[in-house]
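**Student:** Return atomic coordinates for the entry below.
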Amino acid sequence: MEKCMTDLEDDISLEFDPEVEAAIAELLPSNDPLHCKEFSAIDYINTIFPTEQSLTNIDDVVHKMNSKIRQLDNDIRHLIKEQTMAAEDGREALENSKQSIATLFNKIKEIRDKAEQSETTVKEITSDIKQLDHAKKNLTSSITTLNHLHMLVGGVDSLATLVKHRKYDEAAPLLQGVMYVMHHFTPYHQIPQIKELSDKLDKLLRDLAAQIRGDFEEAHSLYECKLNCQPSLAEACLVVDALQPRVKEDLINWFVDRQLAEYKSLFREYDEVSWLDKCDRRYAWLKRCFLEYEEDCARVFPEHWNMPGKIANDFCKVTRKMLEKQMKNRVSELDVKLLLFAVQKTQAFEKLLIERFEQEREVVEVDGGTETKETISFHNTISQCFEAYLNVYIESQDVNLTELVEKFVSELKEGGIPTYQVGDPAPLLPSSSDLFVFYKKCLVQCSQLSQGQALVDLTEVFKKHLQNYHSSLLMPSIPNKSSGIASLLKDKDNNRVAMSEVVMICIVLCTSEYCLDTTQQLEDKIKEKAQEAYAEKISFNSEMELFSNTITTCLQSLVAHLDSLCEPALSAMLKVNWSTLDSVGDQSAYTTSITTHLAATVPAVRDLLHNSRKYFTNYCLKFANSFIPRYVNQIYKCKPVSTVGAEQLLLDTHSLKTVLLQLPSLGSAVARKPAPSFTKTVSQGMVRAEMILKLVMAPSESQIAFVESYINLLADKDIGDFQKVLEMKGFKRTEQIEMVELFKKTANISDSERAGNVVEQDSSRIRKLEKLIKKGF
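**Tutor:** Numbering: from 1, shown residues only. Reported below is the predicted structural model:
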């Protein structure tokens with residue numbers, strides 16, 4: 001019957017695209033199992049008739065099915081009939097639409113023809129009006145042009161008279177009007193009379209500019225720069241505003257040059273007063289110049305000319321060039337003190353200029369007849385000349401930092417471990433905070449000098465001395481106890497790290513964490529102060545990696561210390577004759593010893609790393625990963641083991657598991673739940689130890705049952721581990737060979753896997769030997 005139903009399903013199954021299936025499900029939602037895509041007739045029948053007793057209702061079910069089929073047939077016939085009628089109605093509606101569209105097109109055509117006729121009529125009516133409008137426009141333009149020409153001729157003559165008598169106050173507005181009117185005649189310059197008038201005006205303007213320049217030069221020579229006594233000069237400036245911008249710029253440049261002539265004479269290249277140690281005298285001279293300008297010339301020049309700003313701008317340019325030349329010629333005389341003095345005085349002066357003249361002002365220049373805008377900024381206008389010589393400052397800080405790190409090293413050697421109270425967190429090395437305080441002062445000072453390449457150079461110095469601090473102070477402070485083959489030859493007590501050294505390791509760890517976090521902040525701060533183009537060159541990644549590696553080394557040292565404390569107890573396991581135990585008692589002495597060492601050491605480390613909780617958690621996790629495999633390996637070495645001995649070992653393993661799970665909060669008044677990763681590591685490792693001991697306790701009369709128990713409990717195909725369990729059970733050599741062959745067949749181990757197991761065992765032994773050699777030598 002099942003075969004028939006399957007064939008029926010294959011015959012009537014219909015497959016639709018996923019999009020079609022989704023559309024059907026959205027339009028016709030249904031919970032009927034017959035509508036399900038994965039419908040199975042067999043499952044459906046089993047749902048209706050779950051038991052043999054339910055077959056008594058088969059007639060009722062068949063009757064319902066037949067009724068449902070008849071209902072579906074009626075629905076299908078009804079839908080087919082509706083679709084047929086809908087198609088006929090659609091064709092009829094389409095024909096009606098075509099007729100309506102044809103009628104609409106005819107009406108549109110009639111409207112378009114009438115519109116064209118109306119447009120032709122309107123054009124005929126308005127043609128005469130357009131001709132009259134053009135005539136009026138031309139007449140108006142002619143009258144306006146004649147009036148402008150009359151005004152221009154009269155204005156040029158009047159302007160010539162006013163210029164001749166130096167009546168600048170009247171000439172200024174007239175000049176603006178003449179220039180405005182002349183602009184309207186630009187298209188008529190090909191007419192001889194207009195060109196002649198334009199040339200006359202140009203000559204008059206050139207003469208006017210030369211006359212005003214002569215008046216200023218004369219007044220400057222006669223009145224010794226006291227131009228306020230000549231009111232006509234202020235009126236002449238109004239005329240200059242109406243002339244081409246080039247005339248105003250020439251006049252401004254002439255005046256500024258006259259003002260700075262005295263400055264250039266006072267601070268000549270080889271005069272002692274011009275050296276950096278007296279740079280403040282330069283800035284004092286400009287302040288006096290401003291006072292003299294206000295007293296003698298301020299009423300002459302319009303305020304919007306910003307003459308003090310122009311003087312200050314040219315002063316800064318001249319001063320920068322003079323200082324650059326001075327430093328180039330006397331570079332051997334530069335030192336940090338002199339350079340810092342000059343930079344600080346210069347930046348203070350620039351700040352005053354910025355406050356007085358604002359940060360930026362717009363002035364207008366003429367370059368090749370086209371106007372361009374230039375911004376005046378007094379930021380770093382003079383002090384930028386010092387950037388090329390900031391290497392003197394950088395080299396000085398390099399020397400200072402070298403001496404500072406050497407001082408830190410000597411202080412640590414003389415003072416030893418920083419003072420702390422038992423139970424308190426490990427203190428930081430004071431030198432670490434002192435180092436970064438010095439870095440902060442250097443950064444603030446250098447950022448005031450430059451935000452460019454000098455900051456990048458200072459960053460390289462910072463990086464150099466962070467590496468120096470790491471290699472000269474942090475790493476040597478970590479106790480370097482040998483381990484491996486060499487340490488095995490020593491007395492066990494000599495291989496233990498004293499508690500004071502544990503404290504020192506924690507101090508180095510906390511200091512490294514502080515350096516790691518502070519170095520990241522230092523990088524962010526330098527990038528914030530540096531210009532955008534230089535910020536991408538600043539990186540402390542390699543230095544932060546050094547501190548991170550130091551933290552890892554400290555954690556490894558702490559774990560090695562705890563491992564060394566537990567080593568004698570683990571060795572004591574092998575001295576017990578586990579095959580002769582006749583009863584199970586309390587936990588063994590080695591378990592008590594391990595628990596005692598953990599209870600004495602872990603709380604102390606937790607207190608020391610109180611401010612570094614994540615590293616304490618990592619410390620516990622690393623110890624668990626180190627201790628548990630060693631403990632499992634020691635269990636393998638306890639051979640042979642009787643059933644009672646296995647029970648005692650199982651009791652000890654359970655006790656150690658309980659202690660290890662409580663390790664992060666061991667000895668603490670507040671019990672904290674350990675991290676999930678730590679709990680998982682301890683549970684998985686110790687459960688394996690428990691399973692091994694349960695296998696040792698398991699009966700071995702049936703070899704196949706024992707092998708299956710091993711595979712089920714340990715899920716391990718490693719032949720070496722299986723042989724170790726057999727040795728613990730006390731199997732003879734011949735029995736072990738039989739059991740191994742049975743294990744291979746049961747676990748389906750191929751020849752390649754067997755070879756892999758052998759290679760893995762050999763390589764594991766080689767790796768252990770290499771580690772011992774590296775630690776020992």
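**Student:** now what about the helix or strand that contains N625, what contacts it?
**Tutor:** Under the criterion of DSSP states H and E, N625 resides in helix 613-637. Around helix 613-637, the neighbours that count as contacts under CB atoms under 8 Å, 6 or more residues apart in numbering are 509, 513, 551, 555-556, 558-559, 562-563, 566, 570, 573-574, 602, 605-606, 609, 649, 653, 656, 660, 663-664, 674-675, 677-678, 681-682, 685-686, 688-689, 692-693, 721, 724-725, 727-728. Bear in mind the C-beta positions are built from the backbone N, C-alpha and C, glycine included.
**Student:** how far away is S548 from V318?
**Tutor:** S548 sits 53 Å away from V318, taking CB to CB, to the nearest Å as the criterion.
**Student:** mind checking the end-to-end distance for stretch 651-669?
**Tutor:** Counting by CA to CA, to the nearest Å, you get 27 Å between the two ends of stretch 651-669.
**Student:** Who are the contact partners of the most centrally placed residue in the chain?
**Tutor:** The structure's the chain has its C-alpha centroid closest to D524; by CA atoms, centre = their mean the separation is 10.0 Å. Contact criterion CB under 8 Å, 6+ apart gives no residues in contact with D524.
**Student:** Give me the pLDDT value at it.
**Tutor:** We note a pLDDT of 91 for D524 in this prediction.
**Student:** Distance check, it against L562.
**Tutor:** Counting by CB to CB, the gap from D524 to L562 is 37 Å.
**Student:** which helices and strands sit right next to the biggest helix by length in the chain?
**Tutor:** If you go by DSSP state H, the chain has its longest helix at helix 58-164. Helices and strands touching helix 58-164, by 3 or more CB pairs under 8 Å, 6 or more residues apart in numbering; DSSP states H and E, are helix 168-184, helix 192-222.
**Student:** Please state the mean pLDDT value computed over it.
**Tutor:** pLDDT averaged over helix 58-164 gives 78.
**Student:** Now intersect the contacts of helix 613-637 with the helices, please.
**Tutor:** Among the contacts of helix 613-637, the members falling in helices (DSSP H) are 509, 513, 551, 555-556, 558-559, 562-563, 566, 570, 573, 602, 605-606, 649, 653, 656, 660, 677-678, 681-682, 685-686, 688-689, 692-693, 721, 724-725, 727-728.
**Student:** ChimeraX command for the buried members of these?
**Tutor:** Filtering the ones in helices among the contacts of helix 613-637 down to the buried ones (16 or more other CB atoms under 10 Å) takes a single ChimeraX command:
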select :509,513,551,555,558,559,562,563,566,570,573,602,605,606,649,653,656,660,678,681,682,685,686,688,689,692,693,721,724,725,727,728
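**Student:** Skip the chain neighbours and tell me the closest residue to T580.
**Tutor:** S642 (7.2 Å; CB to CB, 6 or more residues apart in numbering).
**Student:** which ones are touching that neighbour?
**Tutor:** Taking CB under 8 Å, 6+ apart as the test, what S642 contacts is W578, S579, T580, L581.
**Student:** among the helices and strands packed on helix 58-164, where is the model least confident on average?
**Tutor:** Looking at these, the bottom one is helix 168-184 with a mean of 67.
**Student:** In the stretch 601-750 of the chain, where is pLDDT below threshold?
**Tutor:** Applying pLDDT under 70 to the stretch 601-750 of the chain flags residues 749-750.
**Student:** Can you check the pLDDT for E543?
**Tutor:** At E543, the model reports a pLDDT of 91.
**Student:** Setting aside sequence neighbours, what's the nearest residue to it?
**Tutor:** That would be L466: by CB to CB, 6+ apart, it lies 4.5 Å from E543.
**Student:** same question, Y469
**Tutor:** Y469's closest residue in space is V405 (CB to CB, 6+ apart), at 5.5 Å.
**Student:** Buried residues in the helix or strand that contains T592, which are they?
**Tutor:** If you go by DSSP H and E, T592 is part of helix 589-608. For helix 589-608, a neighbour-count test (16+ other CB under 10 Å) marks 590-591, 593-595, 597-598, 601-602, 604-608 as buried.
**Student:** Out of the residues you listed, which is nearest to M307?
**Tutor:** Checking the buried residues of helix 589-608 against M307 with CB to CB, the nearest one is L608 at 70.6 Å.
**Student:** contacting residues for the closest one?
**Tutor:** By CB under 8 Å, 6+ apart, the contact list for L608 reads P425, A426, V502, V503, C506, I507, C510.
**Student:** re the thing from before, could you measure from the residue nearest to the centre of the chain over to K123?
**Tutor:** From D524 over to K123 (counting by CB to CB), the distance is 77 Å.
**Student:** now N633
**Tutor:** Distance from N633 to K123, by CB to CB: 112 Å.
**Student:** for G667, same thing?
**Tutor:** Separation of G667 from K123 (CB to CB) stands at 109 Å.
**Student:** same thing with V740?
**Tutor:** Distance, V740 to K123, by CB to CB: 115 Å.
**Student:** Who has more neighbours out of the two?
**Tutor:** Between V740 and K123, V740 has the larger neighbour count (other CB atoms under 10 Å), namely 18 against 10.
**Student:** Alpha carbons only: can I get the helix or strand harbouring the more buried one in CSV?
**Tutor:** Using DSSP H and E, V740 sits within helix 733-747. Provided in CSV are the C-alpha atoms of helix 733-747 (Å, rounded to 0.1, in the frame of the first residue of the first chain):
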residue,chain,number,x,y,z
ARG,A,733,51.7,-7.2,27.3
THR,A,734,49.9,-9.9,25.3
GLU,A,735,46.5,-8.8,26.5
GLN,A,736,47.4,-5.2,25.6
ILE,A,737,48.2,-6.2,22.0
GLU,A,738,44.8,-8.0,21.7
MET,A,739,43.0,-5.1,23.3
VAL,A,740,44.7,-2.6,20.9
GLU,A,741,43.7,-4.6,17.8
LEU,A,742,40.2,-4.9,19.1
PHE,A,743,40.2,-1.1,19.8
LYS,A,744,41.4,-0.4,16.2
LYS,A,745,38.6,-2.5,14.7
THR,A,746,35.9,-1.1,17.0
ALA,A,747,37.0,2.6,16.5
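**Student:** Fine, thanks again, bye for now.
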